[in-house]
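Q: Quick one, structure for this:
(chains A and B)
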Amino acid sequence: MADTATPAQVGSGETRRDFLYLAAAGMGAIGTACVAWPLIDSMNPSAEVLALASTEVDLGPIAEGQRVTVTWRGNPVFIDHRTQAQIQQAEAVDVADLPDPQPDSARVEKPEWLIVIGVCTHLGCVPLGQKTGQSRGEFGGWFCPCHGSHYDTSGRIRKGPAPLNLPVPPYSFTTDTQIIIGETEAEA
Amino acid sequence: MSGFQTNSRVIKWIEHRMPVFSFLDHAVGSGYPAPKNLSYMWNFGSLAGMALVIMIVTGILLAMQYTAHVDYAFDSVERIMRDVNFGWLLRYIHMNGASFFFIVVYIHIFRGLYYGSYKAPRELLWMLGVVILLLMMMTAFMGYVLPWGQMSFWGAKVITNLFSAVPVFGESIVTWLWGGFTVDNPTLNRFYALHYLMPFIIVAVVVLHIWALHQFGSNNPLGIDLKGPQDKIPFHPYYTAKDAFGLGVFLILFAAVVFYAPNYMGHPDNYIPADPLATPAHIVPEWYFLPFYAILRSIPDKLIGVIAMFGSIAVLFVLPWLDSSPVKSGRFRPIFRIFFVLLAIDVVVLGFVGANPPEGTWLITGQIATFWYFLHFLVILPLLGVFERPRPLPTSISEPVLKGGGSMAGATAKPMEKA
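A: Numbers count the residues shown, from 1 in each chain, chains lettered A, B, ... in the order given. The predicted structure is shown next:
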């Protein structure tokens, strides 16, 4: 082995070897990452889970002041046919004071229909308030019993550990009383 | 140390080709010298190993009867309870075995905390133990999801949602964990696969844990180094016998719960099939998670709460470097002893807080107890090493026994020539 280190390699041999090591290890790392991705991605939602992505709802039978729960992608969606008082209550709030500032107008297509995903943004419980007799919290919206988050009549977080407002799912009105959840105007 | 001896020709034949018997003898036999003053607090390592074996054996048998599908999981568990021969027994052993595994491991951990078993040169041994604790928690959590009752479902939802606190990638991580947009069939399937896998990873880490243990041997109640063969007795038969006796006591208590109070530690809500649209009024984890759950809930900010909960275990990883006192055993640390008792009370208080809704006094108590938990590890322990004046250490393990003049001294001193 000693005679392989000829004078010609002195000065250039080490860096060339280093380069070969790095290149080989680098290619190995990239190859491993390329193989790892399909393995990791296989755990993401599959095609048939994604295919269940839209739900149609007929709003006709829902009376003013009534709340209805539908399922979209396995999660409850709260549909609230708000009264004038509730709408005014939601619009009267000073947006700057909110933990997650959003005006009510940015959360609805039509003011009388509030549509939000009924999953607490803290740790995923379903807040109370959909059924009569259930606590609606201190702000007349929803109340999460798990860790005590209060939502207002626009589904915005007002008090408690949840960091964000109840999210508004993508939806669009197909007729005056029909909505499709999971598709926006542009897609429909 | 005497080498492994045998007269059996079969054992000699095997031993020559693969030295498995001398390996075992060195690991848990007469070839493993142990300190002669180990108390019953040193039983809990082997008990934890037995609990792991019980869980794996019953778990494999239950897996033969269980169906991991949201439509069948709950019913298949009920079928195990009603129709499978001794299915009720397997399930009750497995279910309560998890609780007893944690009881044993928690005592094992507090033993280590009191006697300074985490200190040099046993830091890696201790850290491997913390890894085992983490793996156990993951395994127990995923196992609890499998019966697909209300607590299973909502426990899974709340705990997986912890990862949504991760900045930027939170939502993608949670969706990836679920394999969907909520806890659903893909989640149940992968939890089942992982619940079956993890115990064997635990076995592998236990092997590493024992490997690290054998490098310097067990710590002991005095926390001083062994000075020579007179301080040691062979593991077999002395500690195999002691461990076997401890196992008998453990099994009596275990059987009492399995046969007379099998659902005492569970929640009635988990006998209601999972309903993704209705959260139970009070989601409570299994008792062994309550202190950590209390820490999570006592901090009003979601991300910091999650960090504090994981931090409460992460702090154990660096414990060998937080406790700066060179004295291992709490017996010789008069002030440390007081704080050790306070820590034990603190953890129990956190447990009660975790079991109650986070309101009023419970919330404040939880916040104080959380604060104290971190204060103990991050401030009190480092300071104690500087300001505490430990009592003088005995010069050897034999010294306190011989000075005490008890008649037992001669009896325990005898067998040492063997090592």
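
Q: Show the subsequent helix or strand relative to the helix or strand harbouring A:L39.
A: For A:L39, the host element (DSSP states H and E) is helix A:13-41. For helix A:13-41, the following helix or strand on the C-terminal side (DSSP H and E) is helix A:47-51.

Q: okay, which residue is most central for the chain?
A: Just going to use chain A. A:P167 (6.6 Å; Cα atoms, centre = their mean).

Q: that's the other chain; I wanted chain B
A: B:V105 (2.9 Å).

Q: any idea how far the lowest-mean-pLDDT helix or strand in chain A is from the chain center?
A: None of the helices or strands of chain A scores lower by mean pLDDT, DSSP states H and E than helix A:47-51, at a mean of 84. For helix A:47-51, the separation from the chain centroid amounts to 17 Å (computed by Cα atoms, centre = their mean, to the nearest Å).

Q: With stretch B:297-307 instead?
A: On the basis of Cα atoms, centre = their mean, stretch B:297-307 is displaced by 25 Å from the centre of the chain it belongs to.

Q: so B:E171 touches B:A165, yeah?
A: No - look at B:E171 against B:A165 with Cβ atoms under 8 Å: they stay out of range, at 10.6 Å. Where you see a C-beta, it was placed from the backbone N, CA and C, and this is true even at glycine.

Q: Where does pLDDT dip in the chain?
A: This is for chain A. A:1-13, A:184-188 (pLDDT under 70).

Q: that's the wrong chain, I meant chain B
A: B:1-2, B:401, B:403-419.

Q: mind listing the strands for the chain?
A: No chain was given, so I picked chain A. A:55-58, A:67-72, A:75-81, A:113-117, A:140-144, A:149-152, A:157-159, A:171-173, A:178-181 (DSSP state E).

Q: let's do chain B instead
A: B:33-35, B:232-234.

Q: Just give the strands next to the first one in its sheet, each with its orientation.
A: In this case it means strand B:33-35. According to DSSP bridges, strand B:33-35 has the following sheet partners: strand B:232-234 (antiparallel).

Q: For the strands of chain A, give me JSON lines that also has distance to chain B and mean neighbour count.
A: Shown next, in JSON lines, are those (distance: least, Cβ to the nearest Cβ, whole Å; neighbours: other Cβ atoms under 10 Å in any protein chain shown):
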{"stretch": "strand A:55-58", "distance to chain B": "12", "mean neighbour count": "15"}
{"stretch": "strand A:67-72", "distance to chain B": "6", "mean neighbour count": "17"}
{"stretch": "strand A:75-81", "distance to chain B": "5", "mean neighbour count": "21"}
{"stretch": "strand A:113-117", "distance to chain B": "9", "mean neighbour count": "22"}
{"stretch": "strand A:140-144", "distance to chain B": "8", "mean neighbour count": "24"}
{"stretch": "strand A:149-152", "distance to chain B": "10", "mean neighbour count": "25"}
{"stretch": "strand A:157-159", "distance to chain B": "10", "mean neighbour count": "21"}
{"stretch": "strand A:171-173", "distance to chain B": "15", "mean neighbour count": "18"}
{"stretch": "strand A:178-181", "distance to chain B": "12", "mean neighbour count": "18"}
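
Q: helices and strands around the helix holding A:L39, which ones?
A: Helix A:13-41 is packed against no helix or strand, with contacts defined by 3 or more Cβ pairs under 8 Å, 6 or more residues apart in numbering or on different chains; DSSP states H and E.

Q: Can you give the distance from it to the centre of its chain?
A: 36 Å.

Q: now do stretch A:157-167
A: 13 Å.

Q: Pull the number of nearby residues for the residue in the stretch 1-150 of chain B that chain A sits nearest to.
A: For the stretch 1-150 of chain B and chain A, the shortest gap (Cβ to the nearest Cβ) falls at B:V70, measuring 9.9 Å. A count of nearby residues for B:V70, using other Cβ atoms under 10 Å in any protein chain shown, gives 20.

Q: Also the one 4 residues further on?
A: B:F74 is surrounded by 23 other residues when neighbours are defined as other Cβ under 10 Å.

Q: Would you agree it is in contact with B:D275?
A: No - look at B:F74 against B:D275 with Cβ under 8 Å: they stay out of range, at 10.9 Å.

Q: which one is A:R136 nearest to, not counting chain neighbours?
A: A:G129 (4.2 Å; Cβ to Cβ, 6 or more residues apart in numbering or on different chains).

Q: how near is that neighbour to chain B?
A: For A:G129, the distance to chain B equals 12 Å [Cβ to the nearest Cβ, to the nearest Å].

Q: What about that residue, how many residues nearby?
A: Neighbours of A:G129 (other Cβ under 10 Å): 23.

Q: Pretty sure it sits against A:W142.
A: Yes - counting by Cβ under 8 Å, A:G129 touches A:W142, with 3.8 Å between them.

Q: what residues are shared contacts of those two?
A: A:136, A:151 (Cβ atoms under 8 Å, 6 or more residues apart in numbering or on different chains).

Q: quick revisit: now the helix holding A:L39: buried residues?
A: By neighbour count on 16 or more other Cβ atoms under 10 Å in any protein chain shown, the buried set for helix A:13-41 is empty.

Q: Check stretch B:36-50 too.
A: Going by 16+ other Cβ under 10 Å, stretch B:36-50 has these buried residues: B:36-38, B:42-50.

Q: can you check stretch B:272-289 too?
A: Result for stretch B:272-289 [16+ other Cβ under 10 Å]: buried residues B:272-274, B:276, B:278-280, B:283-289.

Q: Filtering those by proximity to chain A, which remain?
A: Applying Cβ under 8 Å from any Cβ of the partner chain to the buried residues of stretch B:272-289, one finds that B:276, B:278-279, B:283 fall near chain A.

Q: Any chance of CSV for those residues, columns distance to B:L247?
A: Below are these laid out as CSV (distance: Cβ to Cβ, whole Å):
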residue, distance to B:L247
B:P276, 43
B:A278, 44
B:T279, 41
B:I283, 35
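
Q: List just the nearest of the residues you listed to chain A.
A: B:T279 (4.2 Å).

Q: which residues touch the closest one?
A: Per Cβ under 8 Å, 6+ apart, neighbours of B:T279: A:125-126, A:144-146, B:154.

Q: now for those residues, which pair is the farthest apart?
A: A:C144 and B:W154 (11.9 Å; Cβ to Cβ).

Q: can you list residues touching both of these two?
A: Joint contacts of A:C144 and B:W154 (Cβ under 8 Å, 6+ apart) are A:125, B:279.

Q: can you list the strands of chain A in TSV and add distance to B:Y192?
A: As requested, the strands of chain A are exported to TSV (distance: least, Cβ to Cβ, whole Å):
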stretch	distance to B:Y192
strand A:55-58	28
strand A:67-72	24
strand A:75-81	22
strand A:113-117	27
strand A:140-144	29
strand A:149-152	31
strand A:157-159	35
strand A:171-173	34
strand A:178-181	31
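
Q: Which of those sits closest to A:A23?
A: Closest approach to A:A23 among those (Cβ to Cβ): strand A:75-81, 48.2 Å.

Q: The closest one pairs with which strands, and in what direction?
A: strand A:67-72 (antiparallel), strand A:113-117 (antiparallel).

Q: Could you list the residues in contact with it?
A: A:55, A:57, A:59, A:62-71, A:86, A:112-119, A:126, A:130, A:142, A:153, A:155, A:166, A:169, A:181, B:181-182, B:276-277.
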